[in-house]
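Chemist: pasting the structure only:
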């Protein structure tokens, strides 16, 4: 064992050579698991915005008078009925 390994990894010096290597826990799966909920939230928002644009706003803007979709409230109250 060289001097560099003895200085920075002293636990390797006291270990018996026949022992299996030390297990090192990989932090990447935990970070990936934590980032998935945030990513799914962003993707749901993106899907909602794209759906609103393609199914409501773009067909309204293709009409002959596109500003008429702003003439009446989208969510009407019970007084309009």
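Modeler: Looks like it came in fine. This one's a predicted model, so the numbers in the text were calculated from it and none came from an experiment. Numbering: from 1, shown residues only.
Chemist: how far is whichever helix or strand residue 29 is part of from where the chain is centred?
Modeler: Using DSSP states H and E, residue 29 sits in helix 28-52. On the basis of C-alpha atoms, centre = their mean, to the nearest Å, helix 28-52 is displaced by 3 Å from the centre of the chain it belongs to.
Chemist: how about that helix: buried residues?
Modeler: Within helix 28-52, no residue qualifies as buried by neighbour count (16 or more other C-beta atoms under 10 Å). C-beta: built from backbone N, CA, C; applies to glycine.
Chemist: and the contacts of the next helix or strand after it?
Modeler: Counting by DSSP H and E, the next helix or strand C-terminal to helix 28-52 is helix 58-61. Contacts of helix 58-61 from elsewhere in the structure, counted by C-beta atoms under 8 Å, 6 or more residues apart in numbering, are 66, 69.
Chemist: I'd like the average pLDDT over stretch 64-74.
Modeler: Averaged across stretch 64-74, the pLDDT comes to 79.
Chemist: just how off-centre is that stretch within its chain?
Modeler: Going by C-alpha atoms, centre = their mean, where stretch 64-74 is centred and where its chain is centred differ by 35 Å.
Chemist: can you give me the first-to-last residue distance of that stretch?
Modeler: Distance between the two ends of stretch 64-74: 19 Å, counting by C-alpha to C-alpha, to the nearest Å.
Chemist: let the chain start at 791 from now.
Modeler: Happy to do that; since the first residue is 791 now, the last one works out to stretch 854-864.
Chemist: mind listing what's buried along it?
Modeler: Here stretch 854-864 shows no buried residue, counting by 16+ other C-beta under 10 Å.
Chemist: any idea of the mean pLDDT in the helix holding residue 819?
Modeler: Helix 818-842 shows a mean pLDDT of 91.
Chemist: understood, closing this out.
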